[in-house]
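K.L.:
Sequence and predicted structure, then a few things I'm wondering about:
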Amino acid sequence: MPIKQKIGIIACSGEKLVEGTLSRAAARIVVEKLRPENTIILCQPLFMAGGLERFGGNEERKFAKTHPTITIEGCEEECAKIAVESYSGPVAATVRVKEIIKKYPDLIPNSREDLGDAGYKLAEKIAEETIKIVDELYKNL
């Protein structure tokens, strides 16, 4: 059976909001625990900078041009989505952290520096929403 291509996950890089931390934690959960065979993390700052020549240049942007890419957004600015669409083309889907937070009002992170148990559970919920999209996209590859 041929190996299918991977799906890119690019998370919010915002450092000032807990939602940014949640988005990055969720991305790690998706790529490292839930769908490691199917996904890869793309670095938003590297993506926006155009890559580093010593690491092959625009690899992040090239990947997003040829592979479905999901953004996990921490705020309404949707910087990851804007970056992908500016440099590589349309995103396959966007997960909005604030919408998922509303579904779980009892899961309150400690802070952006320390999510705590409730915050980590919330990141897992965000990851679960993300893998629903991954699985749907993957069926169509």
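P.N.:
Perfect, thanks for sending it.

K.L.:
can you map out the helices along this structure?
P.N.:
Ranges of helices in the chain, per DSSP state H, are 18-29, 44-49, 59-66, 79-87, 97-103, 116-139.

K.L.:
Could I get the buried residue list for the longest one?
P.N.:
Put plainly, it is helix 116-139. 119-120, 122-127, 129-131, 133-134, 137-138 (16 or more other CB atoms under 10 Å). Every residue, glycine included, has its C-beta placed from N, CA and C.

K.L.:
With the second one instead?
P.N.:
For helix 44-49, burial by neighbour count (16+ other CB under 10 Å) applies to 44, 46-48.

K.L.:
can you list the weak-confidence ranges in the protein?
P.N.:
1-4, 51-57 (pLDDT under 70).

K.L.:
what about 50?
P.N.:
Where the chain drops to pLDDT under 50, the residues are 1-3.

K.L.:
you'd agree residue 78 is up against residue 71?
P.N.:
Yes: contact criterion CB atoms under 8 Å: residue 78 and residue 71 qualify, at 7.1 Å.

K.L.:
any common contacting residues for those two?
P.N.:
Shared contacts of residue 78 and residue 71, defined by CB atoms under 8 Å, 6 or more residues apart in numbering, are found at residue 94.
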